[in-house]
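Peer 1: using only what follows, build the 3D model:
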Amino acid sequence: MRYTGQLVRWNDAKGFGFIHLKTDSKTDAKTQADTEVFIHVSALQNKQRRPLIGDVIEFNICSDNSGRPRAEFAQIDQHAALQASSQALPADSALATSANTEHSKAVKGVLIRIILMLVALAIASFATNSVMAASLTIQQAYEQQQSNQQVQASGVVTRILPDDNEGSRHQKFIVKLAHGQTILIAHNIDLAPRIPALNIGDTVTFFGEYEWNKRGGVVHWTHHDPAGRHIGGWLKHNGKTYQ
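Peer 2: Residues are numbered from 1 along each chain as shown. So this is what the prediction gives:
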């Protein structure tokens with residue numbers, strides 16, 4: 001015999017819930033008396049989505065090892081599910097109201113997750129565009145042979161050079177920017193801490209002063225100015241700032 005009921009409880013993490021049977025004159029009185037039938041997600045046939053509280057489900061009934069009713073060969077009634085949130089269960093209006101509330105919460109939860117995903121994508125896109133814009137600014141400075149330009153960008157370390165110990169000591173390495181240009185980073189380690197354990201392939205974000213040369217240019221002043229007369233710069237590596 002085929003039965004119809006509304007899903008009033010559902011644990012999506014464990015994949016099971018309970019269906020409240022609708023009163024039907026064709027249904028025997030013993031079965032229809034406020035019965036909640038257990039349903040496992042494996043009982044659903046031709047499922048196009050996960051079940052939600054409030055869904056109207058058609059199913060057959062079998063008994064488990066303890067003699068309790070259990071749904072099998074179940075199907076979500078897609079047309080009836082659309083109306084479920086505005087219809088009360090005839091047998092128990094309070095139960096129907098609770099089911100509709102849970103259904104609304106589930107829908108709102110899905111919408112919130114979608115909105116959060118869109119926000120995260122927008123932030124990632126903005127960050128990528130910002131890096132590309134900074135790289136293009138450096139590219140323009142290189143093409144126009146400009147120096148003394150304050151720049152900010154990120155690059156991947158392609159070569160690590162020995163420290164320059166003449167005069168003020170500098171940690172030196174070369175990074176490749178998003179548009180392909182390479183730049184020498186000269187980081188004063190007398191005024192700022194060096195980046196420890198720097199490896200080829202690491203990403204370094206920098207803010208400093210660009211000086212042009214034929215090989216792509218140099219960025220220095222990646223540190224604070226103790227005298228406070230120059231804009232302070234910095235390096236960022238693995239979530240830590242060096243300035």
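Peer 1: tell me where the chain has strands.
Peer 2: 3-11, 16-21, 36-40, 56-63, 69-76, 149-164, 170-176, 182-188, 203-211, 218-220, 234-237, 240-242 (DSSP state E).
Peer 1: what about residue 75, how many residues nearby?
Peer 2: Here the number of neighbours of residue 75 (other C-beta atoms under 10 Å) works out to 15. Heads up, the C-betas are built off the backbone N, CA and C, glycines and all.
Peer 1: that one bridge partners, please.
Peer 2: residue 58 (DSSP bridges).
Peer 1: re earlier: relative to residue 109, which of the strands of the chain is closest?
Peer 2: Smallest distance to residue 109 across those (C-beta to C-beta): 12.5 Å, for strand 3-11.
Peer 1: give me the angle between the closest one and strand 16-21.
Peer 2: Regarding strand 3-11 and strand 16-21, their directions subtend 150 degrees when assessed with axes from the mean of the first three to the mean of the last three C-alpha atoms, to 10 degrees.
Peer 1: residue 48 is nearest to which of the strands of the chain?
Peer 2: strand 69-76 (8.0 Å).
Peer 1: from the contact counts, what lies against the closest one?
Peer 2: The elements that strand 69-76 packs onto, with contact taken as 3 or more C-beta pairs under 8 Å, 6 or more residues apart in numbering; DSSP states H and E, are strand 36-40, strand 56-63.
Peer 1: got a markdown table for those, with distance to residue 227 and mean neighbour count too?
Peer 2: Output for the helices and strands packed on strand 69-76, formatted as a markdown table (distance: least, C-beta to C-beta, whole Å; neighbours: other C-beta atoms under 10 Å):
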| stretch | distance to residue 227 | mean neighbour count |
| --- | --- | --- |
| strand 36-40 | 73 | 19 |
| strand 56-63 | 75 | 17 |
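Peer 1: let's see stretch 13-23 as CSV, backbone CA atoms only.
Peer 2: Provided in CSV are the C-alpha atoms of stretch 13-23 (Å, rounded to 0.1, in the frame of the first residue of the first chain):
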residue,chain,number,x,y,z
ALA,A,13,24.3,14.7,9.0
LYS,A,14,23.1,11.1,9.8
GLY,A,15,20.7,10.8,6.9
PHE,A,16,17.5,9.9,8.7
GLY,A,17,14.3,11.4,10.0
PHE,A,18,10.6,10.8,10.6
ILE,A,19,7.4,11.2,8.4
HIS,A,20,4.1,12.1,9.9
LEU,A,21,1.3,10.2,8.1
LYS,A,22,-1.6,12.2,6.6
THR,A,23,-5.1,11.1,7.5
